[in-house]
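Participant: here you go, sequence then predicted model.
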Amino acid sequence: MRIAALIAIAILLAGCAVAEKIAARNEYEKSAENYRQCMTANPNAPKQCEALRLAMEQVERKRDSINTDLNVEPGTPPPDYAHPR
């Protein structure tokens, strides 16, 4: 019963991370599109798009920092706190 509860909690938490990752990916795509449009509109003056590039890179770092991996090791028994080692 305890293992099933832990697995259910892990799946719920992973679901939150996946939703957060999707939102971050969508935010990055919008930011990248804004930067591309600026560069298209200002091909001879890329410095005008510098703020958009920096914002895009910040959103990209945020997106890449979200971990969606499940680190479950099903063969590991729970710790036995009743017996000192």
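Facilitator: Cool, got the structure.
Participant: which SSE is immediately downstream of the helix-or-strand element of the chain with minimal mean pLDDT?
Facilitator: In the chain, no helix or strand scores lower on mean pLDDT, DSSP states H and E than helix 2-41, which sits at a mean of 80. Per DSSP states H and E, the first helix or strand lying C-terminal to helix 2-41 is helix 50-65.
Participant: what helices or strands is that next one leaning on?
Facilitator: Judged by 3 or more C-beta pairs under 8 Å, 6 or more residues apart in numbering; DSSP states H and E, the packing partners of helix 50-65 are helix 2-41. All C-beta spots, glycine's among them, are computed from the backbone N, C-alpha and C.
Participant: the nearest residue to Pro46 once chain neighbours are set aside and Glu50: what is the separation?
Facilitator: Of all residues beyond its chain neighbours, the one nearest Pro46 is Met39 (6.5 Å), with distances taken as C-beta to C-beta, 6 or more residues apart in numbering. To Glu50, Met39 is 11 Å away according to C-beta to C-beta, to the nearest Å.
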